[in-house]
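K.L.:
no FASTA, just this:
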Ligand code: SAH
């Protein structure tokens, strides 16, 4: 921590789509030596698995119980902690530079003269469809993928997405942050020429034990999504590949799917038991119930 080393550093680390097993080895190494971790809501499961117990944890994402931070405030806390000498890990969902504003955080560090590095992550845009059995490219079907933000509705003056071009193309369209705009997006793609029966998959909370998949078609998307009560975070895949399901046949047995297990850890170390339970499909929630006094080699 602030131990006279001078200025610290900021690492923008991609946490992957939610499953702690999909954090990179490099990301895990950095996380395990962090003084401060600044974390988004989508990355919290990864954090519990890999951060040191004595690190300062700053939650900056929206949650039912806490306010969400503005981008300026996040930039400021990264810079301030690093200037105080800390190694700061900014843990971001998916990949830091895919629709995640990581570029702005890197720029803020550069402006402040704070060293900043990036560790790419497994983006939800590709991993969430894959885990749902959907290859986003497929020979003879789709040789092109467009990853787009649905945050701004089609036609919005600040949107840089060419929805009409996408409608005319045969690209697989992977839409992030699109749940609130589903109806406008579907209408625009239909108006632009995509066929009504174009397959669509909506994958909610992919790579987590709560994953849900809705398969539908472009003309039925809005109605089906409302009926299913689809909520953010979800990845929407539009295109012929969305009808494929390559995972089903090779799916490992997940006998604990749908079961939530509280794992009481007596030692603050990476939870092997929790990892095993997750591999069997469980939602393993870890809590440290007792800690050895510092310097005493018990456990
Ligand atoms: N940088 C991130 C994306 C941030 S934008 C990445 O590379 O994955 C946030 C959007 O990502 C969400 O609105 C949702 O569309 C998508 N997303 C992230 N994690 C997800 C998950 N586990 N399941 C479904 N969608 C997810």
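P.N.:
The structure has been received and is ready for your questions. Just so it is clear, the model here is predicted, and its values are computed rather than measured.
K.L.:
use CA for all of it now, contacts and neighbours both
P.N.:
Will do.
K.L.:
surely residue 133 meets residue 247?
P.N.:
Yes: counting by CA atoms under 8 Å, residue 133 does reach residue 247; the two are 4.1 Å apart.
K.L.:
So which of those two has more stuff around it?
P.N.:
Taking neighbours as other CA atoms under 10 Å, residue 133 and residue 247 compare with residue 133 leading, 20 against 14.
K.L.:
buried residues in stretch 111-122?
P.N.:
114, 115, 116, 118, 119, 120, 121, 122 (16 or more other CA atoms under 10 Å).
K.L.:
contacting residues for the second one?
P.N.:
For residue 115, the contact set (CA atoms under 8 Å, 6 or more residues apart in numbering) comprises 8, 9, 10, 109.
K.L.:
So which of the residues you listed sit within strands?
P.N.:
Among the contacts of residue 115, the residues falling in strands (DSSP state E) are 9, 10.
K.L.:
Nearest to the ligand among the contacts of residue 115?
P.N.:
The closest of those to the ligand turns out to be residue 10 (CA to the nearest ligand atom; 17.3 Å).
K.L.:
Name the residues of the stretch 151-299 of the chain found near the ligand, please.
P.N.:
176, 177, 203, 204, 205, 206, 207, 232, 233, 234, 235 (CA under 6 Å from any ligand atom).
K.L.:
And the stretch 1-150 of the chain, by the same measure?
P.N.:
Near the ligand, when you scan the stretch 1-150 of the chain using CA under 6 Å from any ligand atom, you find 17-18, 93-96, 98-100, 123-125, 128.
K.L.:
out of these, who's nearest residue 274?
P.N.:
residue 18 (14.6 Å; CA to CA).
K.L.:
SS state for the closest one?
P.N.:
Secondary structure state of residue 18, per DSSP: H, G, I helix; E, B strand; the rest coil, is coil.
K.L.:
Do I have it right that it meets residue 209?
P.N.:
No: using CA under 8 Å, residue 18 is not in contact with residue 209; the gap is 9.5 Å.
K.L.:
So these two - more neighbours on which side?
P.N.:
Neighbour tally, residue 18 and residue 209, criterion other CA under 10 Å: the higher count belongs to residue 18, 26 against 19.
K.L.:
residues contacting the more buried one?
P.N.:
42, 43, 44, 45, 46, 93, 94, 206, 207, 208.
K.L.:
would you turn the residues you listed into TSV with neighbour count, pLDDT and secondary structure?
P.N.:
Converted to TSV, the contacts of residue 18 look like this (neighbours: other CA atoms under 10 Å; pLDDT from 0 to 100; DSSP: H, G, I helix; E, B strand; the rest coil):
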residue	neighbour count	pLDDT	secondary structure
42	21	78	helix
43	23	80	helix
44	19	77	helix
45	17	71	helix
46	23	72	helix
93	27	95	coil
94	28	96	strand
206	24	95	coil
207	23	92	coil
208	18	90	coil
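K.L.:
could you show me where the strands are in the stretch 51-200 of the chain, in order?
P.N.:
Using DSSP state E, counting those that start in this stretch, the strands of the stretch 51-200 of the chain run over 56-59, 87-92, 116-119, 145-149, 172-176, 199-204.
K.L.:
Ranking those by mean neighbour count, which comes first?
P.N.:
Comparing those by mean neighbour count (mean count of other CA atoms under 10 Å), strand 87-92 ranks first with a mean of 28.
K.L.:
Can you add distance to residue 261 and mean pLDDT and give the strands of the stretch 51-200 of the chain back as TSV?
P.N.:
Formatted as TSV, the strands of the stretch 51-200 of the chain follow (distance: least, CA to CA, whole Å; pLDDT from 0 to 100):
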stretch	distance to residue 261	mean pLDDT
strand 56-59	23	92
strand 87-92	25	96
strand 116-119	31	98
strand 145-149	35	98
strand 172-176	30	98
strand 199-204	21	98
